[in-house]
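Asker: Got a sequence here, can you model it:
(chains A and B)
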Amino acid sequence: MIQAILVFNNHGKPRLVRFYQHFPEEIQQQIVRETFHLVLKRDDNICNFLEGGSLIGGSDYKLIYRHYATLYFVFCVDSSESELGILDLIQHLLIFFLIAPKVFVETLDKCFENVCELDLIFHMDKVHYILQEVVMGGMVLETNMNEIVAQIEAQNRLEKSEGGLSAAPARAVSAVKNINLPEIPRNINIGDLNIKVPNLSQFV
Amino acid sequence: MPAVSKGDGMRGLAVFISDIRNCKSKEAEIKRINKELANIRSKFKGDKALDGYSKKKYVCKLLFIFLLGHDIDFGHMEAVNLLSSNRYTEKQIGYLFISVLVNSNSELIRLINNAIKNDLASRNPTFMGLALHCIANVGSREMAEAFAGEVPKILVAGDTMDSVKQSAALCLLRLYRTSPDLVPMGDWTSRVVHLLNDQHLGVVTAATSLITTLAQKNPEEFKTSVSLAVSRLSRIVTSASTDLQDYTYYFVPAPWLSVKLLRLLQCYPPPEDPAVRGRLTECLETILNKAQEPPKSKKVQHSNAKNAVLFEAISLIIHHDSEPNLLVRACNQLGQFLQHRETNLRYLALESMCTLASSEFSHEAVKTHIDTVINALKTERDVSVRQRAVDLLYAMCDRSNAQQIVAEMLSYLETADYSIREEIVLKVAILAEKYAVDYAWYVDTILNLIRIAGDYVSEEVWYRVIQIVINRDDVQGYAAKTVFEALQAPACHENLVKVGGYILGEFGNLIAGDPRSSPLVQFNLLHSKFHLCSVPTRALLLSTYIKFVNLFPEVKTTIQDVLRSDSQLKNADVELQQRAVEYLRLSTVASTDILATVLEEMPPFPERESSILAKLKKKKGPSTVTDLEDTKRERSVDVNGGPEPAPASTSAAVGPLPAFAFPNNPCISAGGFEFVCKNNGVLFENQLLQIGLKSEFRQNLGRMFIFYGNKTSTQFLNFTPTLICPDDLQSHILGPSPHRHITKPVDPTVDGGAQVQQVVNIECVSDFTEAPVLNIQFRYGGTFQNVSVQLPITLNKFFQPTEMSSQDFFQRWKQLSNPQQEVQNIFKAKHPMDTEITKAKIIGFGSALLEEVDPNPANFVGAGIIHTKTTQIGCLLRLEPNLQAQMYRLTLRTSKETVSQRLCELLSQQF
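Answerer: Model (predicted):
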């Protein structure tokens, strides 16, 4: 079971926090901090697994994480999950989180230092909805990309029909679906991202 | 402020987030947040009704504030209002808020549950999905109470859409996790099993997760899932990479589902049906074969997915532990991964190999990789990986390689990360003890350990080295010499001073002949460390000094001078002062004979489980360590003792020496399992005393005759056995007076070679787990002896066998189908699996052995009634041996949870 999904930046600022096991709020904050300190001291390009911190339950739990650009994506899981499976799941989510929301925004200001990180917080609700299509109550609900995209498209259609938001998201998602996504490099520097975005925006 | 796109929905939210990001200080941020909170609060409280869009915006702001680590104590009501909206977007954000900011206000929960109920009944799949997500994400007990009945229905209903089925399966799983008692098994279980055949792979995946969790507690109920899972797996594994279309992930067919299916199969022993078994073996072979094929893609996703399946297959092979051919192949595959350039694969390979090392079939194969693993320990950049390497070295250690492994671990310890030092220390100490062929090596290893990582050497480690040195006279001289040399170092760790002080105090005389280590030199050496040590160590050294007074009369005056000095006699610490005063007095008034008696060498310590092992188990959880123990028992030779650990242990205190900073508290036998199935025998024996038992039980009453035999030719004086019963236990198994106490007191003197008898009456008032303790104190020669043993009074003694027909048996079996009533244990056979012996044990356990009841003649079935004063508890049991895997599965069903639990525990120990 997945105990928690934590996303924070290089300074430990939480950007997405989702607990699937009930912890009081202040403990949640402590877990984020503890986890941040555990992964921060690790070099890049070493193993993506480590034993959980004491607050989350120690060596019975594993932290499986990836470090992308300015963000750490950490899954805290128990022994019933496959490490490599979860690692791929993070990859899945990244594609959605880092690229899909980017096309929701029509223009990207050049002065944004760390684009992907901001996307997460400016589209907090979207990010949660995408996550819900993938993980539910600590279990993986769906792994089929097309199925997930279809669900998100359906959501967007509903939104559109209610006239709330622009039509951009739906088109954006289908754009994501149709492009052959390059593998995300381990360390994207910001310059790269800014270059990629115009590539994507032609689909909008 | 960065530009915010106009096209996007909530401008106010974007502005707020940007404001927060622009705050220069924490104070400014808090100020801005408080301003916003006040604004939202007033908007929520205001007279003007808010439209859905504004509510949505404010709820988003609250979520963001919560993410930053601020408590949110309002807004729940608005979120609940959003739930009842008919607009999808409003409902969606309402559910999101409730799931992230879980609140336990009961009034609120009632409202939320109401909204969920409406959505579940709406037949709108989108709304149903949202509601199920909310239940699964919150997963509280109140929700389980409200929906545990409804969700299974949705799950198995014929007209439920696939996506809703998927959500319902995971939702039910979550409810079962939080409140298993509220999710009773029922008709739906068999239909859930058939979801494994569903067309939609997403549904199959969710169902597999659900079944895996349910099957762990109710294996019988979900037994049929094994063959379905095997055939599903087989279809996936043998499919071409295009067959499964969307579920093919980078050329790997349905990797996630394959992993889940392989996990499910790990809840069960190898399939009994040869056809299913053959098909599974074929699948596993195919997976292993595919690992050798060239990769179909260079992408990391391809190799990750492929290897995720492979590792899970290897786990299953290890779990079954029955096909030597597959085990060896698995081991070779892991061996390849040990040298893989991907760190993640090396990590996982080390981890899997650890479990493989405890299998008989593959232990030798694992050992061939020792050099690679040692190399990993030296060269890996990542502490996680190095830690796994340490674990594996520990698991693969046996007599043949112990010296090499211990040496490598010691040298690694010098540079090891602080976080794992303590664990390595424990492991080195255990291996050194377990596989020592030569005690000199053992002593050297432990002293090295203290030298290298003194701070991480816990009390248990140095207690243990002293226990062993005291119990083995062939190593005492060497130990004294070695500690003496080690203490020469200008700076040595305090733990070394403790060990040195203790050992020289006992055995310093063995090296005193050499002028380089004459008594005075020894004393001066120890005393030079005295002032740098903490109080407990100083107290220990004072005890060493008084022992020196006895061992070496020539240093008596020197020591008396030290004891007499103000820094000792007037020490601010009470313990030190008292020792100094008492020891000084003792050395002045006592005659040489008295001194010799009082300060006699410590008698051997009772044999007991290594306290270090106990500590490691505590640290790492019992499973990892015990497995290793069980499988390696035959191979290992314990430094510490004979082949069988004594059933109980004595503790002998030496004279009036006050607290010799040493754990000599009486140790109580936790075992006594050999008496579970028999009533007569020898309960305890040491060099002095033998305790025999004869007992009889009828219904809830019992009588036990205890025989005390004096094995020596000298009288025991002040012989006093006492029965110690914790209060709660007394009320459980010892009835009110006159049954409460041992009926006949025993004569306080027991002549040499004589035997005395005592009777204990027992009444079982209600069911219990703990047994009473018999404590015996007596004086033998000059010393006071103290023995404590557990009396083998176990719950099954109050069994009355019941004969019944097959039909009756299964009818009752079904009646006891509540999950709490059943307890099951799957375990490895500890003794040869002999049918006749097993039958005798079940009868000895007290239940009736029912022949021709179980359709499978290899299984054993029993029934009986436990009699207590207050109630009678009907018990059914079933034992299924699996000769191939050398495993048993034991299932107990009784009307009372604690009884099922206890009986299962007791009986599992017998096979």
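Asker: Quick check: A:Gln30 touching A:Ile56?
Answerer: No: between A:Gln30 and A:Ile56 there is no contact, the gap being 9.8 Å when judged by Cβ atoms under 8 Å. Any C-beta I mention is one placed from the backbone N, CA and C, and that applies to glycine too.
Asker: Look at the two and report which has more neighbours.
Answerer: A side-by-side neighbour count of A:Gln30 and A:Ile56, using other Cβ atoms under 10 Å in any protein chain shown, places A:Ile56 first with 25 against 16.
Asker: need the contact list for the more buried one.
Answerer: Counting by Cβ atoms under 8 Å, 6 or more residues apart in numbering or on different chains, A:Ile56 makes contact with A:3-4, A:31, A:34-35, A:76.
Asker: Tell me the secondary structure at A:Glu159.
Answerer: Under DSSP: H, G, I helix; E, B strand; the rest coil, the three-state class of A:Glu159 is helix.
Asker: State the distance from it to chain B.
Answerer: As judged by Cβ to the nearest Cβ, to the nearest Å, A:Glu159 and chain B stand 5 Å apart.
Asker: Near that residue, how many other residues are there?
Answerer: 21.
Asker: Same question for B:Gln404.
Answerer: 14.
Asker: quick one, domains of chain B?
Answerer: For chain B, the TED database gives the domain ranges B:8-78, B:673-793, B:796-909.
Asker: wait, is B:Lys694 part of a strand?
Answerer: Yes: under three-state DSSP, B:Lys694 falls within a strand.
Asker: Assign a three-state SS to the closest residue to it other than its chain neighbours, would you?
Answerer: Leaving aside its sequence neighbours, B:Lys694 sits nearest to B:Phe705 (Cβ to Cβ, 6 or more residues apart in numbering or on different chains; 4.4 Å). Classification of B:Phe705 using three-state DSSP returns strand.
Asker: what does B:Cys533 give?
Answerer: coil.
Asker: check contacts around it.
Answerer: B:494, B:497, B:541.
Asker: was I right about B:Gly781 contacting B:Thr714?
Answerer: Yes: applying Cβ under 8 Å, one finds B:Gly781 in contact with B:Thr714, separated by 6.2 Å.
Asker: Number of residues surrounding the residue of chain B found nearest chain A?
Answerer: Relative to chain A, the nearest point of chain B is B:Ala136 (3.0 Å; Cβ to the nearest Cβ). Here the count is done by other Cβ under 10 Å, and B:Ala136 has 29 residues near it.
Asker: cool, B:Phe911 as well?
Answerer: Taking other Cβ under 10 Å as the criterion, the count of residues near B:Phe911 is 21.
Asker: if we can go back for a sec, what's opposite the residue nearest to B:Lys694 in the beta bridge?
Answerer: B:Lys694, B:Val759 (DSSP bridges).
Asker: Look up the pLDDT of it for me, please.
Answerer: At B:Phe705, the pLDDT value in this model is 83.
Asker: how close does whichever residue of chain A sits closest to chain B get to B:Thr178?
Answerer: Distances between chain A and chain B by Cβ to the nearest Cβ are smallest at A:Gly137, namely 3.0 Å. Distance, A:Gly137 to B:Thr178, using Cβ to Cβ, to the nearest Å: 10 Å.
Asker: More neighbours: which of the two?
Answerer: Set A:Gly137 next to B:Thr178 and count neighbours by other Cβ under 10 Å: A:Gly137 wins out with 27 against 18.
Asker: Pull up the gap between that one and B:Val574, please.
Answerer: Distance from A:Gly137 to B:Val574, by Cβ to Cβ: 58 Å.
Asker: Can you pull the residues that touch both of A:Gly137 and B:Thr178?
Answerer: Counting by Cβ under 8 Å, 6+ apart, the residues touching both A:Gly137 and B:Thr178 are B:Gly139.
Asker: Residue ranges in chain A under the pLDDT threshold?
Answerer: Counting by pLDDT under 70, chain A shows low-confidence ranges at A:97-116, A:163-204.
Asker: Would you map the strands across it?
Answerer: A:2-9, A:14-19, A:49-51, A:62-68, A:71-77, A:135-136, A:139-140 (DSSP state E).
Asker: Check which helices and strands the third one sits against.
Answerer: Using 3 or more Cβ pairs under 8 Å, 6 or more residues apart in numbering or on different chains; DSSP states H and E as the contact test, the elements touching strand A:49-51 are strand A:62-68, helix B:343-356, helix B:383-396.
Asker: Give me the contact list for that strand.
Answerer: A:38-39, A:42, A:58-59, A:61-65, A:83, B:344, B:347-348, B:384, B:387.
Asker: pretty sure B:Thr714 contacts B:Arg779?
Answerer: No: contact criterion Cβ under 8 Å: B:Thr714 and B:Arg779 do not qualify, at 10.1 Å.
Asker: Using PDB, write down the CA coordinates of stretch B:310-323.
Answerer: Provided in PDB are the C-alpha atoms of stretch B:310-323 (Å, rounded to 0.1, in the frame of the first residue of the first chain):
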ATOM      1  CA  LEU B 310      11.100 -10.800 -12.900                       C
ATOM      2  CA  PHE B 311      11.800  -9.800  -9.300                       C
ATOM      3  CA  GLU B 312       8.200 -10.700  -8.300                       C
ATOM      4  CA  ALA B 313       8.500 -14.100 -10.000                       C
ATOM      5  CA  ILE B 314      11.700 -14.700  -8.100                       C
ATOM      6  CA  SER B 315      10.000 -13.800  -4.800                       C
ATOM      7  CA  LEU B 316       7.300 -16.400  -5.600                       C
ATOM      8  CA  ILE B 317       9.900 -19.000  -6.400                       C
ATOM      9  CA  ILE B 318      11.600 -18.300  -3.000                       C
ATOM     10  CA  HIS B 319       8.300 -18.300  -1.300                       C
ATOM     11  CA  HIS B 320       7.400 -21.700  -2.600                       C
ATOM     12  CA  ASP B 321      10.900 -22.900  -1.900                       C
ATOM     13  CA  SER B 322      10.100 -26.200  -3.500                       C
ATOM     14  CA  GLU B 323      11.700 -26.400  -7.000                       C
END
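Asker: Run through the residues that contact B:Arg279.
Answerer: B:230-231, B:234.
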